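K.L.:
below are the sequence and a predicted model for it; my questions follow.
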Amino acid sequence: MGAVLSAFVLCCGAAAHAQLSQEPQTQLQRVDITAGMHRIDAQVAVTPEERQIGLMFRKSMPAQEGMLFVFERPATQCFWMKNTLLPLTAAFVADDGTIVNLADMKPQTLDSHCSEKPVRFVLEMNLGWFEKKGIKAGFKLSGTPFSKAR
């Protein structure tokens, strides 16, 4: 019991420290994703702490960059924008790379944006990126995360 409590304190303490410091996480592992002829340079948020911080505190993000959130198993994934300064569009993505649904998200709000079906991946890009490229629900993304059989 003590070890579990210690792990919880360490986990939450690290996340709280990152949030209190108000510094964006910019040194995460990256992966190339393609959307038709468009290349996306995505940071990968895999751990609970990385996913919790996400794109918080970022003041800007290049047009071709995004963040891919990876979860252990498919589930209804819901996102909000507390402490997130950039307007974003979230693509909720199935294991094979198919976009299930898209959600435009306003900065610094607690509005919940959820996947319409269970997914393991969520790709956040600058607001309107998918629309400008003509990418809608049903479009299939390509890249290493989507080519692994699960």
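P.N.:
Yep, that arrived. Numbering: from 1, shown residues only.

K.L.:
tally of neighbours for Phe127?
P.N.:
In this structure residue 127 is Leu, not Phe. Number of residues near Leu127 (other C-beta atoms under 10 Å) recorded here: 16. No exception for glycine: its C-beta is placed from N, CA and C like everyone else's.

K.L.:
now the one 3 residues further on
P.N.:
Look at Phe130: counted by other C-beta under 10 Å, it has 22 neighbours.

K.L.:
Phe69 now?
P.N.:
Phe69: 24 neighbours (other C-beta under 10 Å).

K.L.:
contact partners for it?
P.N.:
45, 51, 54, 77, 121-124 (C-beta atoms under 8 Å, 6 or more residues apart in numbering).

K.L.:
report the separation between the residue positioned nearest the centre of the chain and Phe130.
P.N.:
Residue closest to the average C-alpha location in the chain (C-alpha atoms, centre = their mean): Phe69, at 3.6 Å. Shown here: Phe69 relative to Phe130, a distance of 16 Å by C-beta to C-beta, to the nearest Å.

K.L.:
could you do Thr144 as well?
P.N.:
Distance from Thr144 to Phe130, by C-beta to C-beta: 20 Å.

K.L.:
what bits of this protein have low per-residue confidence?
P.N.:
Residues of the chain meeting the criterion pLDDT under 70: 1-21, 148-150.

K.L.:
mind listing the helices for it?
P.N.:
With helices called from DSSP state H, the chain shows them at 2-21, 48-53, 129-132, 144-147.

K.L.:
only the buried residues of the third one, if you could.
P.N.:
Of the residues in helix 129-132, those with enough neighbours to count as buried (16 or more other C-beta atoms under 10 Å) are 129-130.
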